[in-house]
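Participant: Curious how this folds, go ahead:
(chains A and B)
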Amino acid sequence: MNKIPRLTLFLLTAFMLIFIPGCWDHVEIEELAIVRSISVDYIPGERAPYFVTLAVIRPGEMAGGGEGGGGGGGSPTRLYSGTGASLDLAVQEATFSLTRQLFLAHNEVVLIGEEAARQGIYHIMDFILRNAQLRLTNSIVIIPGTAHKILTQTELLETGISEEILGLIAQEEQTSEAVTQEMFVMLRDMSTPGQDTFTAVLHVGPQPKKVIPEIEVEEREDGGGGAGGESGGAEASEAEPPEILTLSGLAVFRGDKLAGFLNHVETRGFIWLNGEPSRSIIAVPDPMDPTKIVNISIIRSQTTVTPEIKDGNVSFRVEVVAEGDLIAQSSLYNLSTPAMLKKLGSSTSAVIKMEMEKTLQVLQGMEADIMGYGASVYRKDPKAFQELSPWSETFRDVTVDIHVTAQIRRTGQLSRPVQLKR
Amino acid sequence: MLEKGKISPRQAGELMFITLLATVILLVPEITADLAGHDAWLATFVGSLFGLLTVGIIAWLGLKHPGKTIYQYAESVLGKYPGKLVGLAYVWIFLHLAAMVVRQFGDFLTTSFMVLTPLSVFNISLTALAALAVIMGLEVITRMSEFIILLVVSFLLLVITLSIGNWELNQLLPFMKDGIMPVLRGAIVPAAFHGEIVVLAVLIPFLTRPKAAFLSGTAAVTASALLLTMAVVGTLAVFGPELTTSFRFPIHLFVRSINIGKVLTRFEVVVMVTWVAGVFIKISVLYYCAALGTAQVFGLSEYRSTVLPLGVLITALSVLLFEDIAELVSFLAQAWPRFSISVYFFGLPFLLLLVTVIREKIFGHSFGGQQDE
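Facilitator: Residues are numbered from 1 along each chain as shown, chains lettered A, B, ... in the order given. Okay, here's the model as predicted:
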């Protein structure tokens, strides 16, 4: 090291100090417009049909800084919208009003409006995939109507709209009857022969039950699970209940185009059909008193699909093994005997089977094989699958043999109902 | 001898392993999945093991001509001028390979991380760093590889393990839908990448125990084949063959798809760092072989004087060889495997072996024990 003069060494080190610590090209977090969710809408008939809204978080507001001024309604999220003939153009237009550098790497959810989904979602995925910042683990959620209105919601439990949506998605196994898929999983489905894809539906609307006036006798409804007509909030009460976000149901795709929606009961049928992890509560009639109901919470279930290919014809055998707990009953009969639990198990099986058949019928009507039954044929016998193409038409009329075995294992903290004195 | 350093067989094995794995993992899944579909993992494994054939020939030649690199024994086997020609051919292939590796990595960085930075920035800085390593000599490169191998292997195993939650092994089915041919077609690209083990022919004389060369080469090829196959299985299981083919760098997106509880996520930066390190070793090795070869073919007394001009060539070639990324990938998928395997990884070594045997058996010439200064 003696060969290099000290001054040269010093100057060299000083010179390197400019580049090596990374200050040369620094970007501070305050200079970034961090996008957490994007909504995409499609307006038919326009020359620039894609309408994109970026939900940008303001870190200062989230940390409670007084920088933004107006404290009261100071939303931690700012929305920037743009229109364009493609997604990139629309995003570019949205950035015209940004004072910061667009930063998409922390985006986690893409909301796609109904019309955009009908036009085809591949175009949107292409945008996400090619962008070096955007991640393919983005969740995709479909919105009936326009997606933009979701981002404008203010009735939130979380600090920002993006966190609200992400919370809904993160808790869906516990709280919703919906299955949100990450983008790459949807894309994998779409590129697998004999498989269509799906993802969850996010609604915005008034809370399903109108506020009950205090004077009225409280009317108990045990387990509205089987009912399904919860969208009846349209009957406008005088004091308009605030609109909230609800994650429920599935959007079904054929290819990359939206084919239709499943409501939450049909979604439960799909959960059985596909063996998705989910906790749900179903209502079965009381074996002692058919006017009363018993609620069963399904703890775990397993689904096995076996394709049976016989000289050019294919049929499926679907076996579901479910395990549940008795969580509520409205009668006072002791249902905790082995015989009763067996009976409850078989009626639970019957309910599950009925829900599965109903869902299957709907899906066959849409010609959308989101369980990937075709893919299971393709994997077992690719030549037979070739002969059955186009699969969507074969799927429409395919026979599916459903067998359900449900067992009730536990009865909660009660061994039998408390016998009240008359 | 131009190189005074000595490395142990284990170090050589580690050096070879990183040299093989560094780039193969970046582009090969895409190309093999295109050719072999659901069976890409099998194609990868079978193809990778082709490297063993090269190792066998090279190790045999190395033992037959102790203390000599391929440049030197090419001359003693084929005669002065034909031998020099073969030596020059190898100098060229190492140079070409180094340039391609530099280009692949530059393209990877500009595609996936720093979109706005010009390609030449990465190429020049990587080559300059490698030039420094080459000037320092073989022992320095080897010791660096000993440290970097820990990073490369542990991070690769880590991301493969963490991705298991995303796996859908059904994507590997149906098995051999169209018979064995697509598998063999897909195997040729990993085979070409593992043929790069031919650099061992330059390193054998510097081993402390040249007899162990076959063992260390075999270990390097097998380990690389296994790790690469695991990565391809993972990529296929997460994305399926169709998506794997569509992606430019499937393994990068594979790492990006890991998202466990929003905590164990964004590993791509860590992985990128280890890849930069691995690619740096690879380029250093190839660059070193080219520099040493130039010196030996032209009978120079020092190989270090060739480092600078070769570095300029590598940088220039890395930018000029391909117009765009599509050209790079189609060259690697189509032209490169046939040309490199038939000439450099199998053809020429086999020719040297044949001539050695013929001259020994028929003409009674003896190569064994002949020591050159």
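Participant: who does the longest helix belonging to chain A touch, helix- and strand-wise?
Facilitator: The residue-count maximum for a helix in chain A (DSSP state H) belongs to helix A:338-366. Where contact means 3 or more Cβ pairs under 8 Å, 6 or more residues apart in numbering or on different chains; DSSP states H and E, helix A:338-366 is packed against strand A:243-254, strand A:257-262, helix A:264-274, strand A:280-285, strand A:293-310, strand A:313-329, helix A:391-396, strand A:399-410. In short, each C-beta sits where N, CA and C put it, glycine included.
Participant: need the next SSE after that helix, C-terminal direction.
Facilitator: The helix or strand immediately downstream of helix A:338-366 is helix A:373-380, counting by DSSP states H and E.
Participant: how about the residues of the stretch 1-150 of chain A near chain B?
Facilitator: A:129, A:132, A:135-137 (Cβ under 8 Å from any Cβ of the partner chain).
Participant: starting at the chain centroid, how far to the longest helix of chain A?
Facilitator: 23 Å (Cα atoms, centre = their mean, to the nearest Å).
Participant: Name the residues of that helix that are buried.
Facilitator: Neighbour counts over helix A:338-366 (16 or more other Cβ atoms under 10 Å in any protein chain shown) mark A:340-341, A:343-349, A:351-353, A:355-356, A:359-360, A:362-364, A:366 as buried.
Participant: ok, back up a step: mind giving me JSON lines with the helices and strands packed on helix A:338-366 and columns for mean pLDDT, mean neighbour count and distance to residue A:380?
Facilitator: Compiled in JSON lines, the helices and strands packed on helix A:338-366 are given as follows (pLDDT from 0 to 100; neighbours: other Cβ atoms under 10 Å in any protein chain shown; distance: least, Cβ to Cβ, whole Å):
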{"stretch": "strand A:243-254", "mean pLDDT": "87", "mean neighbour count": "22", "distance to residue A:380": "23"}
{"stretch": "strand A:257-262", "mean pLDDT": "89", "mean neighbour count": "20", "distance to residue A:380": "25"}
{"stretch": "helix A:264-274", "mean pLDDT": "86", "mean neighbour count": "23", "distance to residue A:380": "18"}
{"stretch": "strand A:280-285", "mean pLDDT": "83", "mean neighbour count": "20", "distance to residue A:380": "30"}
{"stretch": "strand A:293-310", "mean pLDDT": "85", "mean neighbour count": "17", "distance to residue A:380": "6"}
{"stretch": "strand A:313-329", "mean pLDDT": "86", "mean neighbour count": "18", "distance to residue A:380": "10"}
{"stretch": "helix A:391-396", "mean pLDDT": "83", "mean neighbour count": "18", "distance to residue A:380": "14"}
{"stretch": "strand A:399-410", "mean pLDDT": "87", "mean neighbour count": "17", "distance to residue A:380": "16"}
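Participant: right, so of those, which gets closest to residue B:30?
Facilitator: Residue B:30 lies closest, by Cβ to Cβ, to one member of those: strand A:243-254, at 26.0 Å.
Participant: And that closest one, what does it pack against?
Facilitator: For strand A:243-254, the packing partners by 3+ Cβ pairs under 8 Å, 6+ apart are helix A:161-170, strand A:198-206, strand A:257-262, helix A:264-274, helix A:338-366.
Participant: what about the ones you listed, which gets the closest to residue B:11?
Facilitator: helix A:161-170 (48.1 Å).
Participant: Below-threshold pLDDT in the chain: ranges please.
Facilitator: Picked chain A for this. A:1-2, A:22-24, A:59-74, A:207-241 (pLDDT under 70).
Participant: meant chain B, my bad for not saying
Facilitator: For chain B, the ranges with pLDDT under 70 are B:1-2, B:368-373.
Participant: and whichever residue of the stretch 1-150 of chain A sits closest to chain B, what does it touch?
Facilitator: Of all residues in the stretch 1-150 of chain A, residue A:137 sits closest to chain B, at 4.5 Å by Cβ to the nearest Cβ. When contacts are counted by Cβ atoms under 8 Å, 6 or more residues apart in numbering or on different chains, residue A:137 touches A:108, A:182-184, B:256-257, B:259, B:265.
Participant: 6 Å - rerun?
Facilitator: A:182, B:257, B:259 (Cβ atoms under 6 Å, 6 or more residues apart in numbering or on different chains).
Participant: Could you report the separation of the closest residue to it other than its chain neighbours from residue B:141?
Facilitator: Nearest residue to residue A:137, sequence neighbours excluded (Cβ to Cβ, 6 or more residues apart in numbering or on different chains): residue B:259, at 4.5 Å. Plainly put, residue B:259 is 37 Å away from residue B:141 if you go by Cβ to Cβ, to the nearest Å.
Participant: for residue B:28, same thing?
Facilitator: With Cβ to Cβ as the criterion, residue B:28 and residue B:141 are 24 Å apart.
Participant: Tell me which of those two has more neighbours.
Facilitator: The neighbour comparison of residue B:28 against residue B:141 (other Cβ atoms under 10 Å in any protein chain shown) goes to residue B:28, with 28 against 22.
Participant: okay, now the closest residue to that one other than its chain neighbours: neighbour count?
Facilitator: Setting aside the residues directly before and after it, residue B:28 is nearest to residue B:190 in space (Cβ to Cβ, 6+ apart), at 5.4 Å. Neighbourhood size, residue B:190 [other Cβ under 10 Å]: 31.
Participant: right, and residue B:190 touches residue B:49 too?
Facilitator: No. With contact defined as Cβ atoms under 6 Å, residue B:190 does not count as touching residue B:49 (9.0 Å).
Participant: Now do the residue of the stretch 1-150 of chain A closest to chain B against residue B:242, distance only.
Facilitator: Taken as Cβ to Cβ, the span from residue A:137 to residue B:242 is 19 Å.
Participant: try residue B:358
Facilitator: In terms of Cβ to Cβ, residue B:358 sits 50 Å off from residue B:242.
Participant: Does residue A:110 touch residue A:36 like I think?
Facilitator: No. Look at residue A:110 against residue A:36 with Cβ under 6 Å: they stay out of range, at 10.9 Å.
Participant: More neighbours: these two, which one.
Facilitator: residue A:110 (24 against 21).
Participant: neighbours of residue A:90, just the number please.
Facilitator: 25.
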